[in-house]
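S.K.: Below are the sequence and a predicted model for it; my questions follow.
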Amino acid sequence: MKSSWRRSLLGEQPGAMPLASWLGLPSSSFNPPFGSWRRLSNKPILSPRASGFESAGTFNPAVVDKGGEFVMLYRAQDHHGTSTLGYATSKDGIRFLCRPRPVLEPQAPYEKGGGCEDPRLIRFGKTWYLTYTGYNNADGKGPDHKDAQLCLATSKDLIHWQRHGIILPAYRGTWNVGWTKSGAIVPVEIGGRYWMYYLGDARGHGSQMGLASSYDLLHWRDATNQPVIRSRPGFFDSQVTEPGPPPVLLPEGILLIYNGADDRLVYSTGWVLFDRKEPAKVLARAKSPIFHPVETWEKIGQTPNVVFVEGLVRRGNRWFFYYGGADKYVGVAGAANR
């Protein structure tokens, strides 16, 4: 999520899914493998500082376990509104030490003005794959000359990055007729392909969750001709259903933590379980949020009333969830195995 994100209202989507699928109603006795979330710090673990690249905001973090160390890539924003990706490390997952310079700064035309936003991280073999939003607010193709497009970069060390460009262009999808964002890649191949959940603009329905596939992790295309998770009127995700961290593979299916926004644009956290053999098939979905804004710094910031989860680390029987608070801060919540 980001303050510059808007929802498209572009008319009706032909060939819509049946109502049950549209609402994500398939259900089972499934419960997530973790218990209730609690904040591991009532204060932000990262806050804006100084007058440089992270002076206006530090938020929406991706966090991974690298050799026993927590490594965070976070969205840093300066007072000009330009975003870069900062880098921080921690031994305990709560106290982080930040590098003095970002590890990814806007360079490509599709990052002009706005920059690099909202990272997700996953590793295959010895290579880290970073999905992020390239935001061009200078001369984009949109009616307001702005573009948000899902991009990809790779690295061996999480510091030096090779760009692979836009992987799902805006305005050119099968059903996603607006911007594209928030790529959460499934950690294993399924049926000889890689899979990624992402956010797009569905015609007439605003921000919805889609599914893309790839044979090489570098080139992606829509896997369906409609969203796999739509917003649900009257629920906590009535306006937005946006992927969070990369999914977790369980015996029961593919568990994805996602971010939902309601009619008041309050962002809270949900989950959905997809079939392990059919990544577009919903098996179960949260009916109420498992995490929502409570602290003042989650309610007041650049965008009010937001908790937005993008990072997930499992250590033993503990789960660490990292999130942006009000598009300004980084927080962490924890849970134990059930």
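M.R.: Ah, there it is. Residues are numbered from 1 along each chain as shown.
S.K.: pretty sure residue 297 is in a helix, no?
M.R.: Yes. The assignment for residue 297 is a helix, going by DSSP: H, G, I helix; E, B strand; the rest coil.
S.K.: Surely it and residue 324 touch.
M.R.: No. Contact status for residue 297 versus residue 324: not in contact, 10.6 Å apart, counting by CB atoms under 8 Å. Just so you know, the C-beta spots here come from the backbone N, C-alpha and C atoms, and that holds for glycine as well.
S.K.: Between these two, which contacts overlap?
M.R.: Residues within reach of residue 297 and of residue 324 at once, by CB atoms under 8 Å, 6 or more residues apart in numbering, are residue 331.
S.K.: Mind checking which of those two has more residues around it?
M.R.: Taking neighbours as other CB atoms under 10 Å, residue 297 and residue 324 compare with residue 324 leading, 33 against 17.
S.K.: Spatially nearest residue to that one (excluding sequence neighbours)?
M.R.: Spatial nearest neighbour of residue 324, chain neighbours left out: residue 59 (3.4 Å); criterion: CB to CB, 6 or more residues apart in numbering.
S.K.: do the same with residue 52
M.R.: Closest residue to residue 52 apart from its sequence neighbours, by CB to CB, 6+ apart: residue 78 at 6.6 Å.
S.K.: For the one you found, the count of nearby residues, please.
M.R.: 19.
S.K.: Okay, it and residue 100: tell me how far apart.
M.R.: Separation of residue 78 from residue 100 (CB to CB, to the nearest Å): 14 Å.
S.K.: Buried residues of stretch 32-42, list them for me.
M.R.: By neighbour count on 16 or more other CB atoms under 10 Å, the buried set for stretch 32-42 is 32-34, 37, 39-40.
S.K.: could you give me the average pLDDT of it?
M.R.: Stretch 32-42 shows a mean pLDDT of 97.
S.K.: And stretch 245-258, by the same measure?
M.R.: Taken as a whole, stretch 245-258 carries a mean pLDDT of 98.
S.K.: Same question for stretch 274-291.
M.R.: 98.
S.K.: just stretch 210-224 next, same as before
M.R.: 98.
S.K.: Would you mark the buried spots in that stretch?
M.R.: Across stretch 210-224, burial judged by 16+ other CB under 10 Å covers 210-214, 217, 220, 222-223.
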